[in-house]
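K.L.:
A structural model of the following input is requested.
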Amino acid sequence: MLCATWVIAVASILAALVACGSTYIASREMKRQNENLDKQTNAYKLALSVDVVLKFEPRFNEPNFKIIRSNAARALLSKTKEDEAEDIFDFFDTVGLFVKLGALTLQQFHHISFGKAVRNALRAPL
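P.N.:
Just a heads-up that it's a prediction; the model follows:
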C-alpha cells in the first residue's frame with residue numbers, strides 16, 4: 001500500500017511539472033506570435049502608407065493641379081479670390097484625415113509634396 005501511495009505521489013508531481021512546462025512553452029510561443037503579429041502589422045501599415053502616398057503623389061503633381069496650386073498661391077498672397085484656394089484646402093483636408101487616421105505620416109507627405117512644391121516655387125517666379 002505504501003508503495004502505491006508513493007507511485008501516485010510521484011506521478012502527481014511529474015504531472016504538475018509537465019503542466020508547468022507546458023504552460024511555460026505555451027506562454028513563450030504566444031509571446032513569439034505576438035512579436036510576429038507586431039511585425040506583420042507594421043509591415044502592413046508601411047504598405048498602406050506607401051499605397052496612399054503613391055495615390056496622392058500623381059494628384060499633387062498633375063499639370064492641372066499645379067495650375068490650381070499656383071493660382072491658389074497667388075490668390076492667397078494677394079488676398080483676392082481666396083475661393084480659388086478651395087481645391088487646395090480640400091486636398092490638404094483629405095491628407096490631414098489620412099494622417100489623423102494613421103494611414104499616412106507627415107514625414108511621408110512632406111517628402112512628396114512640400115519638398116517638390118518648394119523646388120517648383122524656386123524654379124518658377126510667381
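K.L.:
Check the chain and tell me which residue is nearest its centre.
P.N.:
K45 (4.0 Å; C-alpha atoms, centre = their mean).
K.L.:
What helices and strands are in contact with the helix or strand where that one lies?
P.N.:
Using DSSP states H and E, K45 sits within helix 2-61. When contacts are defined as 3 or more C-beta pairs under 8 Å, 6 or more residues apart in numbering; DSSP states H and E, helix 2-61 packs onto helix 86-101, helix 106-109. Glycine gets a C-beta too; all of them are placed from N, C-alpha and C.
K.L.:
weakest of the ones you listed in terms of mean pLDDT?
P.N.:
Ranked by mean pLDDT, the helices and strands packed on helix 2-61 bottom out at helix 106-109, with a mean of 80.
K.L.:
Any buried residues in it, and which?
P.N.:
Q108, F109 (16 or more other C-beta atoms under 10 Å).
K.L.:
quick one: contacts of it?
P.N.:
For helix 106-109, contacts defined as C-beta atoms under 8 Å, 6 or more residues apart in numbering pick out S49, V52, V53, F56, V95, V99.
K.L.:
What distance do you get for the residue lying closest to the fifth one once chain neighbours are set aside to T80?
P.N.:
Spatial nearest neighbour of V95, chain neighbours left out: F109 (5.7 Å); criterion: C-beta to C-beta, 6 or more residues apart in numbering. When distance is defined by C-beta to C-beta, to the nearest Å, F109 is 28 Å away from T80.
K.L.:
now swap in E62 and tell me
P.N.:
On the measure of C-beta to C-beta, E62 and T80 end up 25 Å apart.
K.L.:
and what of N42?
P.N.:
To T80, N42 is 47 Å away according to C-beta to C-beta.
K.L.:
Please apply the same query to Y24.
P.N.:
Separation of Y24 from T80 (C-beta to C-beta) stands at 73 Å.
K.L.:
Over to A9?
P.N.:
Remark: distance between A9 and T80 (C-beta to C-beta) = 94 Å.
K.L.:
before we move on, what about E35?
P.N.:
From E35 to T80 the distance is 57 Å (C-beta to C-beta).
K.L.:
low pLDDT regions in the chain?
P.N.:
Confidence mapping of the chain against pLDDT under 70 gives the ranges 1-2, 112-126.
K.L.:
Thanks a lot, see you next time.
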